[in-house]
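**Student:** Quick one: sequence and predicted model below, then my questions.
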Amino acid sequence: MAQIYFYVLDRVDEHSRNTLACKLAEKAWRLENTIHIHTMTQAAAEHLDELLWTFRDGSFVPHELASSGKNAPVTIGYGDQSVEPRDLLITLCDEIPPFADTFPRVAELVSSDESCRNKSRQRYAIYRDQGHKLETHKI
């Protein structure tokens, strides 16, 4: 079973959620992990692709869109795109990606937006019912 981490932000804005995804990806990459960040739309994936270059001065996180076919340490995908398993899945989706169970660790990023929180509660219940190990971190 996978280890699922719910990171609950005290902010409602999507930019804070995306920035947290970048920070987690950078930290995991520096620890020599491979990472996949999964979004709901192509536009969101492309936004994260740009944000990974600019979210912090002096930051370098080698990444590519999953659709590029390259094998960067960090990939970014969206929607129903399937991906090869990696060390960590960071998800910014409303639903659990169908391939999430192929990852040993999953980070669910949750803003303080009520809709986002309600959807995360549903995902939490699904993960719990599937027997995954769950941890919640308030940020």
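**Tutor:** Received it, and whenever you're ready, just let me know what you need. Numbering: from 1, shown residues only.
**Student:** which non-adjacent residue is nearest F55?
**Tutor:** Counting by C-beta to C-beta, 6 or more residues apart in numbering, C22 is the residue found nearest to F55 once chain neighbours are left out, at 4.2 Å. Glycine gets a C-beta too; all of them are placed from N, C-alpha and C.
**Student:** Ok, L48 next?
**Tutor:** I76 (5.2 Å).
**Student:** A helix includes that neighbour, no?
**Tutor:** No: if the criterion is DSSP: H, G, I helix; E, B strand; the rest coil, then I76 is strand and not within a helix.
**Student:** Going forward, the N-terminal residue is numbered 47.
**Tutor:** I'll keep to 47 as the first residue from here, and by that count the last item is I122.
**Student:** Next, name the residue at the spatial heart of this protein.
**Tutor:** The structure's the chain has its C-alpha centroid closest to I136; by C-alpha atoms, centre = their mean the separation is 1.8 Å.
**Student:** quick one on the thing from earlier: which helix or which strand is home to the residue nearest to F101?
**Tutor:** Using DSSP states H and E, C68 falls within helix 60-76.
**Student:** Mind listing the strands the helix or strand just after that helix pairs with, and their directions?
**Tutor:** The element immediately downstream of helix 60-76 (helix or strand, assigned by DSSP H and E) is strand 81-85. Strand pairing for strand 81-85, determined by DSSP bridges: strand 120-124 (parallel), strand 134-137 (parallel).
**Student:** what is the mean pLDDT for strand 81-85?
**Tutor:** Across strand 81-85, pLDDT averages out at 97.
**Student:** And the pLDDT at the residue located most distally from the centre of the chain?
**Tutor:** Distance from the C-alpha centroid of the chain, by C-alpha atoms, centre = their mean, peaks at G104 (21.8 Å). Looking at G104, its pLDDT stands at 83.
**Student:** What distance do you get for it to H93?
**Tutor:** According to C-beta to C-beta, to the nearest Å, G104 stands 21 Å off from H93.
**Student:** List the contacts of the residue nearest to F101.
**Tutor:** For C68, the contacting residues are 94, 97-98, 101-102, 105, 107, by C-beta atoms under 8 Å, 6 or more residues apart in numbering.
**Student:** Please repeat the previous calculation with a cut-off of 10 Å.
**Tutor:** Going by C-beta atoms under 10 Å, 6 or more residues apart in numbering, C68 touches 83, 94, 97-102, 105, 107, 109, 120, 136.
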